[in-house]
Every structure is written in C-alpha cells, then in structure tokens.
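Novice: Sequence plus predicted model, see below.
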Amino acid sequence: MNRSDAENFLYREAALLDHKRLDAWLDLFSDDALYWIPANQSDYDPREHVSFVYDNMTLLKERIGRLTGEYCHAQQPPSSTLHTISNVEVEPIGPGRVRVRSNAVIYEFRNNAQRRFYPLQTFPAFCTHELREEDGHWRITLKKVALLNADGEIFDLSFLL
C-alpha cells in the first residue's frame, strides 16, 4: 500500500462515518480488530489503564447498536460529523501489513436545545491504523485515535471517531 492508497482508504472511512454508513464502516475492520481511544496522551497499556474506548469487534458492534438504537438519549438528535484527514504516512510492518499514521480533525455538531452546552466541538487527533490485506482488501486490525486534548476536558464522546 502506498500513500495515495492509504489516503483513499482513510478518506473512504471518514466519508462512511460522516454519512452514518456504519455497517459499511464495520466492514473495513478485520474480525480480530481493536478500536482504541486512549484517555491520556501517554501510551499506557489499555488493559491496565482507563481509556475512552477500548473495543474488540464484539464490543464495537454493541456500541454501534446502542448508538443507533431508539433509546440512545445521548444521541438525540444524532450528531453530525465532519472528518478532515492530513499528514498521512505509511510504514510496512510485515508481509501484507502496514501502519498508517495520520492527523485528523473531527468536527461534531448536535442541533438541539442544549447548544449552549454542546457547541460545535472540535477533536484534533493523532491516528494510527494498522491494516492487513485479506482476500484482496485492506482491513483495519487496529484503529487508535489519540486525542490532542485527551488530558483536558472532554464534554461528550457519544459518537464514533
């Protein structure tokens, strides 16, 4: 995978999230994938320290089920997001495997009566995707979203990054 291919992969992933095509987004992941959002700027072991999210595929599917279900009051009305991707770098890490690092800015807006508490939010992040080629398609085996402001005040993360 070269940088252009990696950029296209990340742009497609961002579009799927922004257009709430979550089933298609899940199809980008391998069965053994992890989705991780650390709750700090250090690379603490997520099995021993708190994370905002540390989901295997079973937990990620459950999270999506809750977020899209009729009883998800934290997402009423649902957030609108816009993902901007930049500074993409590709590093081979084995046969048919690459690590893709990028910067992202995720904008989130919820058009509700609580706008004074939840204005347009901005989440700058350092992202790492580990990808593995499976049956001619690249699959995410790890997605790590390290928020620039993870050590600061985070108002709401009830949507997918």
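Specialist: Looks like it arrived, so ask away. Please read these numbers as outputs of a predicted model, since none were measured by experiment.
Novice: contacts, neighbours, all on C-alpha from now
Specialist: Will do.
Novice: Might one say that Asn40 is in contact with Ala150?
Specialist: Yes - the criterion here is CA atoms under 8 Å, and Asn40 meets it with Ala150 at 5.0 Å.
Novice: This protein: strands as residue ranges?
Specialist: 29-38, 51-56, 80-94, 97-109, 121-134, 137-147 (DSSP state E).
Novice: in its sheet, what does the first one sit against?
Specialist: The pairing partners recorded for strand 29-38 under DSSP bridges are strand 51-56 (antiparallel), strand 137-147 (parallel).
Novice: now the longest one
Specialist: Using DSSP bridges, the neighbouring strands of strand 80-94 in the sheet come out as strand 97-109 (antiparallel).
Novice: Pick the most buried one from the strands paired with strand 29-38.
Specialist: For the strands paired with strand 29-38, the largest average neighbour count (mean count of other CA atoms under 10 Å) is found in strand 137-147, namely a mean of 21.
Novice: For it, give me every contacting residue.
Specialist: 28-38, 40-41, 123-133, 161 (CA atoms under 8 Å, 6 or more residues apart in numbering).
Novice: Out of those residues, which end up buried?
Specialist: Buried members of the contacts of strand 137-147, scored by 16 or more other CA atoms under 10 Å, are 28-30, 33-38, 40, 123-133, 161.
Novice: So for the lowest-mean-pLDDT helix or strand in the chain, what gets flagged as buried?
Specialist: Sorted by mean pLDDT, DSSP states H and E, the helices and strands of the chain end with helix 57-68, the least confident at a mean of 84. For helix 57-68, burial by neighbour count (16+ other CA under 10 Å) applies to 57, 60, 63, 67.
Novice: Please report the residue range of the longest helix in the protein.
Specialist: helix 3-18 (DSSP state H).
Novice: now that helix against strand 121-134, angle please.
Specialist: 120 degrees (axes from the mean of the first three to the mean of the last three CA atoms, to 10 degrees).
Novice: ok now helix 3-18, how far from the chain's centre?
Specialist: 12 Å (CA atoms, centre = their mean, to the nearest Å).
Novice: what's next to that helix, contact-wise?
Specialist: Taking CA under 8 Å, 6+ apart as the rule, helix 3-18 contacts 22, 24-25, 28, 80-85, 88-90, 100, 160-161.
Novice: pLDDT weak spots in this protein?
Specialist: By pLDDT under 70, the low-scoring segments of the chain are 43, 68-77, 112-118, 155-161.
Novice: hmm, try it at 80
Specialist: 41-44, 66-79, 110-120, 150-161 (pLDDT under 80).
Novice: Which positions within the longest helix of the chain qualify as buried?
Specialist: For helix 3-18, by 16+ other CA under 10 Å, it's 6-7, 10-11, 13-18.
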